[in-house]
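A.B. asks: fold the following for me, if possible:
(one chain, ligands or ions: 2)
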Amino acid sequence: MPISRSLPAATILGYPRIGRRRELKRAVEAYWKGDVDAAELRRVASELRAGTRARLVELGLPAAGGAVPESFSFYDQVLDATLALSAVPGRFADVDGSGDDGDLARYFALARGDRDHQPLEMTKWFDTNYHYSVPEIDERTPFAANPAWLVGQVSEAREQGVESRPVIVGPVTYLLLAKASDEAGEGFRPIDRLDDVVAVYAEILRALAEAGATWVQLDEPALVSDSLAVPRSEVLALVERAYAVLGGAEERPSILLAAPYGDSAEALVRLGSLPVEAVQADLVRGALPQAALESGELARAFAGTQLVAGVVDGRNIWRTDLRAAFDRLGALQAAGIEVVVGTSNNLQHVPHDVGDESKLDARLKSWLAFADQKVAQVAVLARGLVEGAEAIEAELAETDRVLADRAAAPGVRVDAVRARAEAAGDDDRRRADEQTRRDAQRALGIPRFATTTIGSFPQTGEIRRARAAFTRGELTQEEYHEFLRAEIERVIRLQEEIGLDVLVHGEAERNDMVQYFAENLDGFAVTENGWVQSYGTRATRPSILWGDVSRPAPITVEWSSFAQSLTERPVKGMLTGPVTILAWSFVRDDQPLGDTAAQVALALRDEIDDLVSAGIRIVQVDEPALRELLPLDAGRQADYLEWSVGSFRLATSGAEPEVQIHTHLCYSEFGEIIDAIDGLAADVTSIEAARSRMDVVEPLGEHGYSRGIGPGVYDIHSPRVPSVEEQTELIRIAAERIPGEQLWVNPDCGLKTRGYEETVASLTNLVRAAQAVRAAA
Ligand code: GLN
Ligand code: ZN
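C.D. replies: Ligands and ions are numbered 1, 2, ... in the order given. Model prediction:
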């Protein structure tokens, strides 16, 4: 049993770890290149960790008592857990993990692969835009405690004078996020190994206690998800089983069991009864069990257990309504529950500091809270809990003022935009029927097994340099546009030579498929330093959607119509869909997402209209994030699907029957949203399929999918050039399950990350494969 200690009144679940200026990215990438050695990488990492701890204390988290979470990972927190459990898949057994850099070498081999090893697969972490490295588990995976990194951080913190709290992905979530390795037997599920894994966690906890850790945080977001292999009720039972063991362990730190990213209301009474010292609940996405709160049942369950109330939003960048948050904390306190103020989740999903933004409008800035501001808000609320509301009245009043200012500011509500969105009805979300469209689109002269690409062509160093020079003012707009036109012409000629049927302009003008639109729409702002880790050393800079959205001028028309002017073949106009624009931005939190999506949709609708007027006959609206935003909570999914599908249809339904609407969905796991994909009613849908060897086609066939479908035959995630035979084979597999008339032939995704040599070779083979299948049919 741990020595009973309480968490101080303020904590957070974690802090961004890439560094204010992405220092970790630079250090890790330099290490990969061999420019710095492991000792130097470790030095930078340790300096970052020290800086983070000092910053968190400066912002108001107590240095003592485990309030400061250890917030570090060289690459990914799930991969950290894999290493802590020594759960290295058998296929990596030959990676040399000995020697001074052995731990790093093994770690990065799993993350990135090498000449002889495919890396661990990456997939989305719950409903965020963060990706984790998927553990591969089987009956023989040898689990053994390897707490060296965690222990090292605890000691490092103590030397700095901070009693920090190590953070580990909890055992149930770890196994539920894992996949069965290729060596696993039929029917094996990683969660079958729970007892083995829990035993190793107990050993890790013992090592942490020996190193002087007073608290440890175990993250179990599996508790809030309906999208995992086992139903939520079973997740809760598994958590109970695991924490009965961990809580009963002889020597361990106090345990904070966290349930971030969603609603744990139904589980909270049972979680409070577990033999752990604190439980965190996300009270932004989730709610409190109101009945249990009022009846006193919740307080009884939490007797002797602290409740970390996640009232500060860790997913978004808006200043918290402190008064509303304080009221909720007060209700818990009044019910007799020992409350700690916390965040809804790890702050790894928000940028570091609003103070780092020098170009944002000052008024907009005052509405925002990045990680540093959120920590300070947590500290203020905690002071109110301890000292009483009067002690923080000045801060509460200041937030009231700022929120009122935001609500009334010009641009936040634009009457004309709102009136138009409200007037849009079902008719505006419906196109002509399928048969009419098919007939009308015959004029396009598109062959069976038509070949096309997903939109982007390789973003060469030359393109990036030209864009940077333009941004710095070294190229005039006319010079930059001249450069882009030359690039478009080159890409069009190349596609003609290769023999593709439907061409694209190549997207050279776009830094990013969302930011580009954000920069060209009213209602958005972009940041300078607002980086957020998306995976490993990769970070994105989400735009901020703060006001009513409208389109001041056409965005893509110049490029698409120029491209079309160069060729007889149809050129696809290329837009990013409303759901994806929302998913990859920080979106206003003062109205339902569906209302915001409708505004974006109307702006895109106008863009499509202008594209068509300029002679474009095919428009693709990408929605790779459609699956990502699907709520973890099954009860909220129907509403989501209605507004998300509705916004796509609102964007595209202004198109006359002869205009062919395409969409692109990146991922291949869409079982859950197959109705939604059908609901988009796009004339052609391209999806990722090469790696799964067309697995996605079967469910579509069974579903009776009747429109065009382009399952990818070329895996663009690797530089490997797929042969004609290979791609022919994939088309044949698809054609067995879906009528050939419906099939398109395309790569899995855009080509922007690829080099030209492999792209040309692969696309040439792709066109030959389509010709071969056509000839045989
Ligand atoms: N049209 C985009 C491209 O080709 C699609 C990218 C995506 O799906 N993520 O780059
Ligand atoms: Zn894609």
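A.B. asks: and A407, how close does it get to T453?
C.D. replies: Using CB to CB, to the nearest Å, A407 is found at 45 Å from T453. C-betas here are computed from N, CA, C, even on glycine.
A.B. asks: and those two? which has more neighbours close in?
C.D. replies: T453 (27 against 11; other CB atoms under 10 Å).
A.B. asks: helix or strand: which one has the more buried one?
C.D. replies: Using DSSP states H and E, T453 is not contained in any helix or strand.
A.B. asks: packing partners of the helix or strand where E607 lies?
C.D. replies: Using DSSP H and E, E607 sits in helix 593-613. Contacts defined by 3 or more CB pairs under 8 Å, 6 or more residues apart in numbering; DSSP states H and E place helix 593-613 against helix 415-423, strand 543-550, helix 557-565, strand 572-576, helix 578-583, strand 618-622, helix 637-652.
A.B. asks: show me the contacts for the residue lying closest to L104 once chain neighbours are set aside.
C.D. replies: Setting aside the residues directly before and after it, L104 is nearest to A38 in space (CB to CB, 6 or more residues apart in numbering), at 5.4 Å. Residues in contact with A38 (CB atoms under 8 Å, 6 or more residues apart in numbering) are Y31, D100, D101, L104.
A.B. asks: closest one of the residues you listed to ligand 1?
C.D. replies: Of all those, Y31 has the smallest distance to ligand 1: 28.1 Å, by CB to the nearest ligand atom.
A.B. asks: what ranges does the stretch 1-150 of the chain have for its strands?
C.D. replies: Remark: strands assigned in the stretch 1-150 of the chain by DSSP state E, counting those that start in this stretch are 68-69, 122-124, 131-133, 136-137.
A.B. asks: export the ones you listed to TSV and tack on distance to ligand 2?
C.D. replies: Rendered in TSV, the data for the strands of the stretch 1-150 of the chain read as follows (distance: least, CB to the ion, whole Å):
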stretch	distance to ligand 2
strand 68-69	34
strand 122-124	13
strand 131-133	14
strand 136-137	24
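A.B. asks: would you mind finding the most buried of the ones you listed?
C.D. replies: With neighbours taken as mean count of other CB atoms under 10 Å, the strands of the stretch 1-150 of the chain reach their highest mean count in strand 68-69, at a mean of 28.
A.B. asks: chain center to that one, what's the gap?
C.D. replies: The chain centroid and the centroid of strand 68-69 are separated by 24 Å, computed with CA atoms, centre = their mean, to the nearest Å.
A.B. asks: so that it lines up with my notes, have the first residue be 59 from now on.
C.D. replies: New numbering, starting at 59: the last item is strand 126-127.
A.B. asks: that one pairs with which strands?
C.D. replies: strand 222-223 (parallel) (DSSP bridges).
A.B. asks: next helix or strand past the strand it pairs with?
C.D. replies: Assigned by DSSP H and E, the successor of strand 222-223 is strand 225-227.
A.B. asks: what's the neighbour count on Q338?
C.D. replies: 27.
A.B. asks: in contact with it, which residues?
C.D. replies: The neighbours of Q338, taking CB under 8 Å, 6+ apart as the test, are L71, L314, L315, A316, A317, P318, L365, V366, A367, G368, G400.
A.B. asks: ok and the residue in this structure nearest ligand 1?
C.D. replies: Across the chain, the shortest distance to ligand 1 (CB to the nearest ligand atom) belongs to G808, at 2.1 Å.
A.B. asks: just the buried residues of stretch 604-618, please?
C.D. replies: Using 16 or more other CB atoms under 10 Å as the test for burial, stretch 604-618 gives W604, G605, D606, V607, S608, R609, P612, I613, T614, V615, W617, S618.
A.B. asks: show the contacting residues for the fifth one.
C.D. replies: Contacts here follow CB under 8 Å, 6+ apart; on that basis S608 touches V472, A474, V475, L579, D580, G581, Q657, L660, A661.
A.B. asks: top of those residues by neighbour count?
C.D. replies: Ranking those using other CB under 10 Å puts Q657 first, with 28 neighbours.
A.B. asks: what residues does the stretch 509-658 of the chain put near ligand 1?
C.D. replies: Within the stretch 509-658 of the chain, the positions adjacent to ligand 1 are I512, G513, S514, E565, M571, M632 by CB under 6 Å from any ligand atom.
A.B. asks: closest to E352 out of the residues you listed?
C.D. replies: Taking CB to CB as the measure, E352 sits nearest to M571 out of those, at 47.6 Å.
A.B. asks: what's the closest non-adjacent residue to that closest one?
C.D. replies: T634 (4.8 Å).
A.B. asks: farthest-apart pair in the buried residues of stretch 604-618, please.
C.D. replies: W604 and S618 (28.3 Å).
A.B. asks: follow-up on the earlier one: format the contacts of S608 as a markdown table; extra columns: distance to P224 and pLDDT.
C.D. replies: Shown next, in a markdown table, are the contacts of S608 (distance: CB to CB, whole Å; pLDDT from 0 to 100):
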| residue | distance to P224 | pLDDT |
| --- | --- | --- |
| V472 | 48 | 98 |
| A474 | 53 | 97 |
| V475 | 48 | 98 |
| L579 | 43 | 98 |
| D580 | 45 | 98 |
| G581 | 41 | 98 |
| Q657 | 44 | 98 |
| L660 | 48 | 98 |
| A661 | 46 | 98 |
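A.B. asks: report the two of those separated the most.
C.D. replies: Farthest apart among the contacts of S608 by CB to CB are A474 and L579. That separation is 14.8 Å.
A.B. asks: the residue of the chain closest to ligand 1 reaches G513, doesn't it?
C.D. replies: Yes - the criterion here is CB atoms under 8 Å, and G808 meets it with G513 at 5.0 Å.
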